[in-house]
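Colleague: the amino acid sequence is not available; the structure is as follows:
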């Protein structure tokens, strides 16, 4: 009798602990592989590490070197140009298409599928295609020549001043459908009754959208912009596939900069410092957003 | 003010309405072209001969359908010094994506279930801390991960890549399942508990069968992410163990010999086919994943 009771209390205690036992290894993995690794990278950014990690503390020397590297400024400027245009154009196309698709359009499902399929592609595939379309010899330029515009030139891909805009073109092509999907979901959640009431009051479609629907969509705008910003900061594959960071390092971005310094030039300290700068930027954008989202939907 | 009936936003009837509809469809159609033309160019270029590419234009259709470029991209294009085409790398990607998707989805389901249905003190903090891992720029973990894989003897191997994708996919899979389980009523779990069912038997017999929609969304999301990944592939694998995205980039950016654009395009389509197929077959779930990936919490 006693043994059985003991057994029962044991198994009950065990059951109570089981959820924690299941979660803890996963949480531990996250602590080690996310937070532990971040700590390691942060520490390395304060050391003398060059080709090999060197754990001698060296203060801010690597950050001095990073901010003394012209290439880093090119990367930052490119990130600024790219993310501004990428976010602005994708958002504009996204909201336009979402509003148009929200007008009881025939074949809406098909059109949505067409708009969104680039999101299923790898950025490497997107980069490969656009590299071919924008090919200075045989691509768009040749097409325009054959159409009779013989002095049309389009060499952005190999023009170091314009190359960053080709990344924008390909990036917008891939991601604007995503923005459309987010906005469309937002539009669909607007209460029809409000629209009907406004319509009966004599408000035209333009007025209904500009003064009722769009203001109601402010949270959707915010999350779309944040998601696109997050994509922009992490953009690595697209640059590698489209321009390889070139010509020279004209289309370098922080992500490709970090990769080049870590794996090609073996300057671990500078690479770590640039990674920390990226992390700080992303954290500044994402943490407030996650915090508000979790609070809003949390209990 | 035209006096026509109001149904929704756009007024019905009248020439103005008809003109508006025509403009509407014209714009939507133009954007369809914008998204589709690159795909058409990709397919049509892959069927052309090099001669035709040199003499024709971007949008001219192939005079005859040739599969030479496809055969070469699949079986004999050079990736670095090895000239076996994309085929071995496709298998690398398959060998990587199946276990990585399976393990990360299962662990995410278990984790989401434990964090929502067996709420213990600190569960929300644990979730928030784990969630952050989904958003870090992975550059910040590349260097220590490369060293860790080296110490585990997994550097440059597919199992190493599976481990990386599983670990960093866990935040997303947990998020998806947590969001789903939060909407499932606790009373079902409580009733099962009263009946004496334990943690795992509730999970496998009751919760998991209910979570099949969430599972489909998660599997599709993870499959797309992991198949399309380039950063981890290029940083943690070498030569023979490259996934197909890395191999594709190597094919396209080989600087030796004549540039074979038709082979490049065929290779790009081959690398894109699995995720495109998933998108076409299960598009609605894909969209749901995108939406869930966007609106957190």
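Modeller: Now that the structure is in, tell me what you want to look at. Because the structure is a prediction, the values reported are computed rather than measured. Numbers count the residues shown, from 1 in each chain, chains lettered A, B, ... in the order given.

Colleague: low pLDDT regions in chain A?
Modeller: Along chain A, the model assigns pLDDT under 70 to residues A:1-5, A:8, A:296-299.

Colleague: next, the buried residues of the helix or strand hosting residue A:17.
Modeller: Per DSSP states H and E: residue A:17 is located in helix A:2-30. Under the neighbour-count criterion of 16 or more other CB atoms under 10 Å in any protein chain shown, helix A:2-30 has A:18, A:19, A:20, A:22, A:23, A:26, A:27, A:29, A:30 buried. (Glycine included, C-beta is placed from N, CA and C.)

Colleague: need those residues in CSV (columns: distance to residue A:200).
Modeller: Formatted as CSV, the buried residues of helix A:2-30 follow (distance: CB to CB, whole Å):
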residue, distance to residue A:200
A:18, 58
A:19, 53
A:20, 57
A:22, 56
A:23, 53
A:26, 54
A:27, 55
A:29, 57
A:30, 53
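
Colleague: just to revisit the earlier point, is the helix holding residue A:17 in proximity to chain B?
Modeller: Yes - if you take CB under 8 Å from any CB of the partner chain as the test, helix A:2-30 does meet chain B, through A:15, A:18, A:19, A:20, A:22, A:23, A:26, A:27, A:29, A:30.

Colleague: other SSEs contacting that helix?
Modeller: On a contact count with 3 or more CB pairs under 8 Å, 6 or more residues apart in numbering or on different chains; DSSP states H and E, helix A:2-30 meets helix B:87-117, helix B:123-132, helix B:158-182, helix B:199-202.

Colleague: now it against helix B:123-132, angle please.
Modeller: Put simply, helix A:2-30 runs at 30 degrees to helix B:123-132, going by axes from the mean of the first three to the mean of the last three CA atoms, to 10 degrees.

Colleague: list the contacts of the helix or strand that helix A:2-30 is followed by.
Modeller: Note on helix A:2-30: by DSSP H and E, the next helix or strand toward the C-terminus is helix A:37-44. Contact partners of helix A:37-44, identified using CB atoms under 8 Å, 6 or more residues apart in numbering or on different chains, comprise A:53, A:55, A:268-269, A:272, A:275-276, A:279, B:136, B:140-141, B:143-145, B:148.

Colleague: of those, buried ones?
Modeller: Buried members of the contacts of helix A:37-44, scored by 16+ other CB under 10 Å, are A:53, A:268-269, A:272, A:275-276, A:279, B:136, B:140-141, B:143-145, B:148.

Colleague: dump those residues to TSV, plus distance to residue B:260.
Modeller: Formatted as TSV, those follow (distance: CB to CB, whole Å):
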residue	distance to residue B:260
A:53	42
A:268	37
A:269	41
A:272	39
A:275	36
A:276	42
A:279	40
B:136	39
B:140	38
B:141	37
B:143	36
B:144	39
B:145	35
B:148	39
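
Colleague: among these, which one lies nearest to residue A:246?
Modeller: Distance to residue A:246, by CB to CB, is smallest for residue A:275 among those, at 21.9 Å.

Colleague: so when I look at residue A:149, I'm seeing a helix, right?
Modeller: No - counting by DSSP: H, G, I helix; E, B strand; the rest coil, residue A:149 falls outside a helix, being coil.

Colleague: got phi/psi on it?
Modeller: For residue A:149, the backbone dihedrals (degrees, to the nearest 10) come out as phi -90, psi 80.

Colleague: so how far is chain B from it?
Modeller: Separation of residue A:149 from chain B (CB to the nearest CB, to the nearest Å): 12 Å.

Colleague: chain center to the helix holding residue A:17, what's the gap?
Modeller: Centroid separation for helix A:2-30 versus its chain: 40 Å, with CA atoms, centre = their mean, to the nearest Å.

Colleague: what does the domain assignment say about chain A?
Modeller: A:1-44, A:62-297 (automatic domain parsing).

Colleague: in a markdown table, list these along with distance to residue B:154.
Modeller: Below are the domains of chain A laid out as a markdown table (distance: least, CB to CB, whole Å):
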| stretch | distance to residue B:154 |
| --- | --- |
| domain A:1-44 | 13 |
| domain A:62-297 | 17 |
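
Colleague: out of those domains, which comes closest to residue B:130?
Modeller: Comparing these by CB to CB, domain A:1-44 comes nearest, at 4.7 Å.

Colleague: for stretch B:31-39, which positions count as buried?
Modeller: Counting neighbours by 16+ other CB under 10 Å, stretch B:31-39 gives B:31, B:32, B:35, B:38, B:39 as buried.

Colleague: stretch B:57-73 now?
Modeller: Quick answer for stretch B:57-73 (16+ other CB under 10 Å): B:58, B:62, B:68, B:69, B:70, B:72, B:73.

Colleague: the residue of the stretch 1-150 of chain B found nearest chain A - how many residues pack around it?
Modeller: When scored by CB to the nearest CB, the stretch 1-150 of chain B has residue B:118 as its residue closest to chain A, at 3.6 Å. Number of residues near residue B:118 (other CB atoms under 10 Å in any protein chain shown) recorded here: 20.

Colleague: closest to residue A:198 among the contacts of helix A:37-44?
Modeller: Distances from residue A:198 to those, taken by CB to CB, are shortest for residue B:136, at 43.5 Å.

Colleague: report pLDDT for the closest one.
Modeller: Listed pLDDT for residue B:136 reads 89.

Colleague: quick one: it is in a strand?
Modeller: No - using three-state DSSP, the assignment for residue B:136 is coil, not a strand.

Colleague: one step back: can you tell me which of the domains of chain A is most buried?
Modeller: Scoring these by mean neighbour count under mean count of other CB atoms under 10 Å in any protein chain shown gives domain A:62-297 as the most buried, with a mean of 19.

Colleague: off-centre distance for that one?
Modeller: For domain A:62-297, the distance to the chain centre is 7 Å (CA atoms, centre = their mean).

Colleague: circling back: considering only the buried residues of stretch B:31-39, which also neighbour chain A?
Modeller: B:31, B:32, B:35, B:38, B:39.

Colleague: does any part of the lengthiest helix in chain A sit near chain B?
Modeller: For chain A, the helix with the greatest residue count under DSSP state H is helix A:70-101. Yes - Helix A:70-101 lies within reach of chain B by CB under 8 Å from any CB, at A:93, A:96, A:97, A:100, A:101.

Colleague: ditto for stretch A:128-138
Modeller: Yes - Stretch A:128-138 comes into contact with chain B (CB under 8 Å from any CB), by way of A:128, A:129, A:130, A:131, A:132, A:133, A:135, A:138.

Colleague: excluding chain neighbours, what is closest to the last one?
Modeller: Counting by CB to CB, 6 or more residues apart in numbering or on different chains, the nearest residue to residue A:138 once its immediate chain neighbours are dropped is residue B:53, at 6.6 Å.

Colleague: what helix or strand does the closest residue in space to residue B:101 that isn't next to it in sequence sit in?
Modeller: Of all residues not flanking residue B:101 in the chain, residue B:222 sits nearest, at 4.5 Å (CB to CB, 6+ apart). For residue B:222, the host element (DSSP H and E) is helix B:212-228.

Colleague: distance of residue A:233 from residue A:38?
Modeller: From residue A:233 across to residue A:38, the span is 16 Å (CB to CB, to the nearest Å).

Colleague: check residue B:194 and give its pLDDT.
Modeller: For residue B:194, pLDDT reads 83.

Colleague: what's the local residue count around it?
Modeller: 8.

Colleague: so it versus chain A, what's the distance?
Modeller: For residue B:194, the distance to chain A - CB to the nearest CB - is 13 Å.

Colleague: isn't residue B:173 right up against residue B:105?
Modeller: Yes - assessed by CB atoms under 8 Å, residue B:173 is found in contact with residue B:105 at 5.4 Å.

Colleague: not counting its neighbours along the chain, what's nearest residue B:247?
Modeller: residue B:89 (3.7 Å).

Colleague: meant to ask about residue A:163
Modeller: Per CB to CB, 6+ apart, closest to residue A:163 is residue A:251, 4.8 Å.
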